[in-house]
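Enquirer: From the sequence below, what's the structure:
(2 chains)
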Amino acid sequence: MEGSPPIEIDDLTAGYGSNIVLEDVSLRLEDRDFLAVIGPNGGGKTTLLRAILGIISPFKGDVRIFGEPVSEGLRRIGYVPQRGNFDSSFPITVYDVVLMGTRVMKGYRPRYSADSHERAAEALEIVGIEDLAQCSLSELSGGQMQRALLARAMAGRPDILLLDEPTASLDPHIKECIYDSLRRINEDLAIMIVTHDIGVVSTHVKRVACLNKNIIVHDEPLITPDMLEMGYHCPVELLAHGVPHRTYGEHDHD
Amino acid sequence: MTDWGMVLSIGLIQNMFVATIMASVVCGVIGTYVVVKRIVFVSGGIAHTTFGGVGFAYYLQSVFLVSWFTPMLGAILFAVGAALIIGSPRISRIVREDSTIGVLWVVGMALGVLFISLTDHNVVVVRSYESILFGNVLLVSSQNLQIMAVMGVVILSLVAYLYRDLQILTFDETQARISGINVTLMNMLLYVLVALTCVFVMNIVGIVLVIALLTLPAAIASMFSNDLKGIMVLATACALVLSLLGLVLSIEFSIPPGASIVLTLAAFFMLSLGIRSYYDRGAVVSKVEGE
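Expert: As a prediction, this is how the structure comes out:
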C-alpha cells in the first residue's frame, strides 16, 4: 500500500515473559523522517527495534511497515546493528559484509540479486569507504566498522534505515562524519535511530521521541527537561551545544 | 623398519588412508564453522553421544539380529538426534544450551556403556572400548567407507549450496533473520552437518578425539587467514598433511592412530602459535619504530 507511512506502530505492548518493557507505544515514522528515539538503558529501545524487526512478537498492538505486516515489510528495512552485537573478529572482508545486504529470496532458493556487485560498490561509495573493500573487518577502527555496517544496510537499497546506537563510543569528529552521511542518505529515505547519546541528537535529527516504557514524541529536534526527567528519573540541567542562551519552548503534554 | 609396500597392500590400511583423506576435507570445511562460530563444545557433546548410538546398534544386533543396523548407523542416529535437541529453541528457552550439551554428553556415554553391557557377546563381536573411544587403524570396513563417501558428498554439497547463508548466520544472526533466513532451521542444519562430521571422524581417531580433527586444523588456519574460504582451504591442507603424517607415524611406531594424529596436529598448532606470536611482536615493534 503506497501512501502508508514507512513505519506505523499502534498501541504496542511488548516484553519478555511477564516483564512488560514497552506499554502502549504509538509511533509513526514519516516519509524522509529522521527520528531519534532516546531513553535510558532498560527503557525499551532495543525491545522496540526487535519488535520492528520481527524478532519478538508483541503482546498487544501492531507494527506496520508501509502498511504491511512486519514479515512482508522487513525487506524494505536496512538495519545497522550496534557494534558488539556481532562477532567483530569474524574472518571476513568488508566487501563480503556489504554483499550480505543484497541477499534476496527467490522461491526457496537463496539468491544474490544479479546486480549485487553493483549494489555493493554503490553502497561503499555512499558511505565513502571504497578503499577499505578488501580489508578484513577485524582490522577496522570503530568509525570504519560503523560505515561498513551502514554500507551493508544501504546495499539492500532500503526505503527505511534503522540504526542502533550508531555513534556510541566514537570520537566527536567521527560522529559528525557519520551524521553527515546519514543526512545525505536522509534525502531519499526515512531514518530512525535509537541512542542514548542525546548530545548529538538535537543538532542532527528532525524529530525526537523519548522512550521509557511509555513514549513521548516531539515533532522538533528538541529535548525538553520533562522528557529527560521521564527518561532518566531525575531533573537534568540541559546544555544545548554551542548555543548557551537558547531556551526551549514549553513542552505540550497532549 | 616398516615394510611400507606390504603395509599399503593391506585392504584395511588402504581404507584407513582413504578415510583419513576424506575426513581431512570434511573437517577442514565444517571445522572452520565450528571454530569461527565458537561451537567447539556443541561438537564435543554431539561427538560423545555417538557412543550411545554405537552401543545401541550392538544391542539391537544381538537381540533382534538386525545385522544391517551397524554401529555407524547407530552413531548417525544418536548424533543427529543430539544435534536436533541442542538446536531446538523449545529446549533452549528452558535450559541453557551448554547445560543441555552436558546432559547429552554424559547420557550418550552412559547409554553406550549400558547397551554394550546388555549386548550378548556370543552373538555379536563388540569392538573394545579402547578402539571405539580412541580409534584403531584397522577399523574402517569397505562398507563404512562407502557410507562415509556418501556422507562426505552430502556435507560438502550442502555447504557449497548454502555457503553465503552460513556465512551470514555464523557472522550475525540478527542480519540473517532480517534477510529472510530461518535462523532456527539453519542453526539446526549446521549442527546436523557437525553431527555427520563427528560420525565421519570417529571412525578414524575414535569418539574422544573427534574434537581434535574438527578444531585443530581450523584453529591453525585461522591464525594465518582472515577470510572464511581461505581458512577452509588452509585447514583442509593442514588436516590432510598432518593427519596423514600422524597415520604414517602410528603405523611406523605401532601406536594408536588417534593419539598420533592428534599429537601431530597439536604439535603443529603449538608451532603456529609460536610463529604467530613472534611475527605479531615483530610487527608491533616495527610499527612503533616506524612512528
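Enquirer: By proximity to chain A, which residue of the stretch 1-150 of chain B wins?
Expert: B:V36 (6.2 Å; C-beta to the nearest C-beta). In this view, the C-beta of every residue, glycine as well, is placed from N, C-alpha and C.
Enquirer: Please name the nearest non-neighbouring residue to that residue.
Expert: Nearest non-adjacent residue to B:V36, counting by C-beta to C-beta, 6 or more residues apart in numbering or on different chains: B:T170, 5.7 Å away.
Enquirer: wait, what's in contact with the one you found?
Expert: A:90, B:33, B:36-37, B:190 (C-beta atoms under 8 Å, 6 or more residues apart in numbering or on different chains).
Enquirer: Per-residue pLDDT of the residue of the stretch 51-200 of chain B found nearest chain A, please?
Expert: Residue nearest to chain A within the stretch 51-200 of chain B (C-beta to the nearest C-beta): B:D172, separated by 3.9 Å. Predicted confidence (pLDDT) at B:D172: the value is 88.
Enquirer: how deep is residue 204 tucked in, by neighbour count?
Expert: Using chain A here. Here the count is done by other C-beta atoms under 10 Å in any protein chain shown, and A:H204 has 19 residues near it.
Enquirer: sorry, should have said chain B
Expert: B:I204 is surrounded by 28 other residues when neighbours are defined as other C-beta under 10 Å.
Enquirer: And it, which helix or strand is it part of?
Expert: Following DSSP states H and E, the helix or strand that holds B:I204 is helix B:183-205.
Enquirer: Which SSE is immediately downstream of that helix?
Expert: Taking DSSP H and E as the definition, the helix or strand that follows helix B:183-205 towards the C-terminus is helix B:210-222.
Enquirer: helices and strands around the helix or strand following that next one, which ones?
Expert: Proceeding C-terminally, helix B:210-222 gives way to helix B:228-252 as the next helix or strand, assigned by DSSP H and E. With contacts taken as 3 or more C-beta pairs under 8 Å, 6 or more residues apart in numbering or on different chains; DSSP states H and E, helix B:228-252 sits against helix B:11-36, helix B:210-222, helix B:257-290.
Enquirer: before we move on, the earlier item: relative to helix B:257-290, how tilted is the helix holding B:I204?
Expert: Between helix B:183-205 and helix B:257-290, the angle formed by their directions is 120 degrees, by axes from the mean of the first three to the mean of the last three C-alpha atoms, to 10 degrees.
Enquirer: what angle separates helix B:183-205 from helix B:210-222?
Expert: Taking the same axes, to 10 degrees, one finds helix B:183-205 and helix B:210-222 inclined to each other by 110 degrees.
Enquirer: hmm, helix B:183-205 in reach of chain A?
Expert: No - interface with chain A: helix B:183-205 contributes nothing (C-beta under 8 Å from any C-beta of the partner chain), its closest point being 9.5 Å away.
Enquirer: report the angle between the axes of that helix and helix B:11-36?
Expert: Between the direction of helix B:183-205 and that of helix B:11-36, the angle (the same axes, to 10 degrees) works out to 140 degrees.
Enquirer: how about helix B:183-205 as CSV, C-alpha atoms only?
Expert: Coordinates of the C-alpha atoms in helix B:183-205 are reproduced here as CSV (Å, rounded to 0.1, in the frame of the first residue of the first chain):
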residue,chain,number,x,y,z
VAL,B,183,17.8,-18.9,11.7
THR,B,184,16.5,-21.8,13.9
LEU,B,185,16.4,-24.2,10.9
MET,B,186,19.8,-23.1,9.6
ASN,B,187,21.4,-23.5,13.0
MET,B,188,19.9,-27.0,13.3
LEU,B,189,21.2,-27.8,9.8
LEU,B,190,24.7,-26.6,10.8
TYR,B,191,24.6,-28.8,13.9
VAL,B,192,23.4,-31.7,11.8
LEU,B,193,26.4,-31.1,9.5
VAL,B,194,28.7,-31.1,12.6
ALA,B,195,27.0,-34.3,13.8
LEU,B,196,27.6,-36.1,10.5
THR,B,197,31.2,-34.9,10.5
CYS,B,198,31.7,-36.2,14.0
VAL,B,199,30.5,-39.7,12.9
PHE,B,200,32.8,-39.4,10.0
VAL,B,201,35.8,-38.7,12.1
MET,B,202,35.1,-41.1,15.0
ASN,B,203,35.9,-43.9,12.5
ILE,B,204,39.5,-42.7,12.4
VAL,B,205,40.5,-41.1,15.7
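Enquirer: what's it packed up against?
Expert: In terms of contacts (3+ C-beta pairs under 8 Å, 6+ apart), helix B:183-205 is packed against helix B:11-36, helix B:40-64, helix B:71-87, helix B:142-171, helix B:173-178, helix B:210-222, helix B:257-290.
Enquirer: Output the lowest mean pLDDT helix or strand found in chain B.
Expert: In chain B, the helix or strand scored least confidently by mean pLDDT, DSSP states H and E is helix B:4-8, which has a mean of 79.
Enquirer: Please compute how far that one lies from its chain's middle.
Expert: Relative to the mean C-alpha coordinate of its chain, helix B:4-8 is positioned 28 Å out (C-alpha atoms, centre = their mean, to the nearest Å).
Enquirer: and chain B, which of its residues are near chain A?
Expert: Taking C-beta under 8 Å from any C-beta as the contact definition, chain B meets chain A at B:36, B:162, B:164-165, B:167-168, B:170-172, B:174-175, B:177-181, B:222, B:225-228, B:230-231.
Enquirer: Filter those residues down to the buried ones, ChimeraX style.
Expert: To isolate the buried subset of these in ChimeraX, counting by 16 or more other C-beta atoms under 10 Å in any protein chain shown, use the following:
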select /B:36,162,164,165,167,168,170,171,172,174,175,177,178,179,181,222,225,226,228,230,231
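Enquirer: Low-confidence stretches in the stretch 151-291 of chain B?
Expert: Across the stretch 151-291 of chain B, the ranges flagged by pLDDT under 70 are B:282-291.
Enquirer: change it to 90
Expert: B:161-165, B:168, B:172-183, B:200-210, B:226-227, B:247, B:250-252, B:254-259, B:276-291 (pLDDT under 90).
Enquirer: and if you look at the stretch 101-250 of chain A?
Expert: If you take pLDDT under 90 as the line, the stretch 101-250 of chain A has these spans: A:101-147, A:155-158, A:164-188, A:194-250.
Enquirer: Since that was my last question, I'll sign off now.
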